[in-house]
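Participant: this one's structure only:
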């Protein structure tokens, strides 16, 4: 992907940041090292003060980009959702069968994430872990409605709509496509978390990616046109 599209960038809603971090060396360093630090100590213990020491810059310089650590987390989540949609579009291009496109899409949505070398300042594997561990903090807040009005969750909505469109190609009469897709995305995150930390709450099967297999079967059984 990197060789084919060397100058691609992921756009994030401008209401998330004060100054676009993707447009400067310091901004990209904030993003890179922010992921590393949150992955290491967790979002609860993460502060701009700790990050400033790692990037060897002032805490005030970070506040020039983000007004709070919540906004930084929103940036990561928004970037991640838009990157997921971009990656899905790339992976299913030129595949005629909607069934095959859905299988590939579900695999990508539910599998463990690998590094995408197209974006050298973002470690997608560690970002995925952050999203799994911290994504509820993105929208389970008192500000969710105002942030929604500002379009901050548009990336997540577009991702859900993109996958929903494939489902409706297979069964145009299926009434719960958005609900199903958002359940798959959030559910897969929970099952990955359970598998690592609370394995008795899920099923870990040797030689099988049980999470991907489960959600693939779930989706195709749900959307079968003869279910009614």
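Facilitator: Structure received. Every value quoted in this text rests on a predicted model; they were computed, and no experiment measured them.

Participant: rest of the way, CA atoms for contacts and neighbours
Facilitator: Noted.

Participant: which stretches of this structure form helices?
Facilitator: Along the chain, the segments classed as helices by DSSP state H run 25-41, 48-55, 59-63, 69-92, 98-110, 124-134, 136-139, 144-149, 154-170, 177-197, 210-222.

Participant: Out of the ones you listed, the one nearest residue 14 is which?
Facilitator: Comparison of the helices of the chain against residue 14 by C-alpha to C-alpha identifies helix 69-92 as nearest, at 9.3 Å.

Participant: Quick one: mean pLDDT for the closest one?
Facilitator: Confidence over helix 69-92, taken as the mean pLDDT, stands at 96.

Participant: shaky segments in this protein?
Facilitator: Counting by pLDDT under 70, the ranges of the chain that qualify are 1-7, 226-228.

Participant: quick one: the closest residue to residue 134 other than its chain neighbours from residue 174, how far?
Facilitator: In this structure, residue 134 finds its nearest non-sequential neighbour in residue 43, 7.1 Å apart by C-alpha to C-alpha, 6 or more residues apart in numbering. Using C-alpha to C-alpha, to the nearest Å, residue 43 is found at 38 Å from residue 174.

Participant: I'd like a version of the helices of the chain in CSV, one that adds mean neighbour count and distance to residue 13 as further columns.
Facilitator: Converted to CSV, the helices of the chain look like this (neighbours: other C-alpha atoms under 10 Å; distance: least, C-alpha to C-alpha, whole Å):
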stretch, mean neighbour count, distance to residue 13
helix 25-41, 18, 15
helix 48-55, 16, 21
helix 59-63, 16, 17
helix 69-92, 19, 8
helix 98-110, 19, 22
helix 124-134, 19, 18
helix 136-139, 15, 14
helix 144-149, 12, 11
helix 154-170, 19, 8
helix 177-197, 18, 20
helix 210-222, 17, 30
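
Participant: For residue 17, which of these is the nearest?
Facilitator: Nearest of those (C-alpha to C-alpha): helix 69-92, 6.8 Å.

Participant: Against which helices or strands is the closest one packed?
Facilitator: Under the contact criterion of 3 or more C-alpha pairs under 8 Å, 6 or more residues apart in numbering; DSSP states H and E, helix 69-92 touches helix 98-110, helix 124-134, helix 136-139, helix 154-170.
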